[in-house]
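K.L.:
here is my input, please return the structure:
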Amino acid sequence: MTRARETLVSLEVTPYYHCISRCVRCAWLYGDDPYTGHSFEHRRQWMLDRLRTLLDIFAINVCNAIMSNHYQVVLHVDVDKAKGLTDQQIIEQWNRLYKGHMLADRYLTGEVVSMTERAVLSELIDEWRLRIYDISWFMLCMNEYIAQRANAEDLCKRRFWEGRLKSQAVLGWLRHRRVQISLRSKNVSKPMPIDRPRTRPNGARKNNPQSFIHSRARKV
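P.N.:
Got it, this is the predicted structure:
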């Protein structure tokens with residue numbers, strides 16, 4: 001039975017999540033289509049460029065693997081970074097993705113706003129701040145952009161991605177490492193480095209996700 005994403009994501013338990021999005025209608029994301037002979041190697045660069053853009057906007061770190069009909073990402077949600085951004089930084093980051101709000105534009109230009117307008121603007125900023133570290137919004141901004149470019153290239157208006165992405169919490173050092181090894185075996189991405197615990201974990205109960213050192217992944 002399908003469950004709401006908010007019931008599957010708990011940042012108090014772990015900030016790491018393994019997400020997968022798959023193409024539909026036999027669309028290709030990367031590689032050569034043996035049936036038509038067309039090459040889609042350039043779409044891999046689309047993905048990498050978009051990921052770099054989103055990494056500068058969202059408080060999320062990522063390592064990724066891009067395959068012929070799907071891609072996988074391990075996301076690390078950096079809540080502290082999002083909460084440390086100023087109101088002006090939140091507005092500027094969100095304006096890079098979507099059209100801004102009139103009150104936000106006035107705030108950036110230094111115009112005086114009333115107390116009522118300030119209260120409305122504060123609610124908007126709080127909502128945008130939450131979205132800056134939301135994995136659903138991150139994946140939406142990723143998939144929407146790629147789907148639009150791919151459909152324009154394919155002269156098609158149908159759905160490009162499956163209706164719902166798959167996400168799974170990555171719990172414990174050993175499981176986190178297994179996911180990274182799986183992505184590395186595909187030879188398309190460099191995993192996020194982590195700090196191994198000083199003592200070897202003895203079962204999942206002793207794994208400590210907070211012991212990881214988080215840093216942004218560099219794509220190869």
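
K.L.:
now do the strands in the protein.
P.N.:
With DSSP state E applied, the chain shows strands at 16-22, 60-66, 70-77, 166-169, listed in chain order.

K.L.:
can you name the residues that contact residue 157?
P.N.:
By CB atoms under 8 Å, 6 or more residues apart in numbering, the contact set of residue 157 is residue 151. Quick note: C-beta positions are derived from backbone N, CA and C, even for glycine.

K.L.:
pLDDT weak spots in this protein?
P.N.:
Residues of the chain that meet the criterion pLDDT under 70 lie in 1-3, 6, 173-220.

K.L.:
and the residue nearest the centre of the chain, how far from residue 172?
P.N.:
Centroid check for the chain by CA atoms, centre = their mean gives residue 138 as the closest residue, at 3.9 Å. From residue 138 over to residue 172 the distance is 23 Å, taken as CB to CB, to the nearest Å.

K.L.:
hmm, back to that, the strands of the chain into CSV, with extra columns for mean neighbour count and distance to residue 96?
P.N.:
Shown next, in CSV, are the strands of the chain (neighbours: other CB atoms under 10 Å; distance: least, CB to CB, whole Å):
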stretch, mean neighbour count, distance to residue 96
strand 16-22, 20, 22
strand 60-66, 22, 15
strand 70-77, 23, 19
strand 166-169, 15, 24
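
K.L.:
let me know which of the ones you listed is the nearest to residue 44.
P.N.:
strand 60-66 (5.2 Å; CB to CB).

K.L.:
run the chain-centre distance for that closest one.
P.N.:
Distance of strand 60-66 from its chain centroid, counting by CA atoms, centre = their mean, to the nearest Å, is 7 Å.

K.L.:
then stretch 80-92?
P.N.:
Offset of stretch 80-92 from its chain centre (CA atoms, centre = their mean): 17 Å.

K.L.:
okay, that stretch in PDB with CA atoms only?
P.N.:
Taking Å, rounded to 0.1, in the frame of the first residue of the first chain, the C-alpha atoms of stretch 80-92 are listed here in PDB:
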ATOM      1  CA  ASP A  80      21.700  22.800  10.000                       C
ATOM      2  CA  LYS A  81      22.900  24.400   6.800                       C
ATOM      3  CA  ALA A  82      19.300  25.300   5.800                       C
ATOM      4  CA  LYS A  83      18.500  26.700   9.300                       C
ATOM      5  CA  GLY A  84      21.700  28.800   9.100                       C
ATOM      6  CA  LEU A  85      20.700  30.600   6.000                       C
ATOM      7  CA  THR A  86      19.500  34.200   6.300                       C
ATOM      8  CA  ASP A  87      16.100  35.200   5.000                       C
ATOM      9  CA  GLN A  88      17.700  37.000   2.100                       C
ATOM     10  CA  GLN A  89      19.700  33.900   1.200                       C
ATOM     11  CA  ILE A  90      16.600  31.800   1.200                       C
ATOM     12  CA  ILE A  91      14.800  34.200  -1.100                       C
ATOM     13  CA  GLU A  92      17.700  34.300  -3.500                       C
END
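
K.L.:
contacts for that stretch?
P.N.:
Counting by CB under 8 Å, 6+ apart, residues outside stretch 80-92 touching it are 59, 93, 100, 104, 107-108, 122, 125, 128-129, 132-133.
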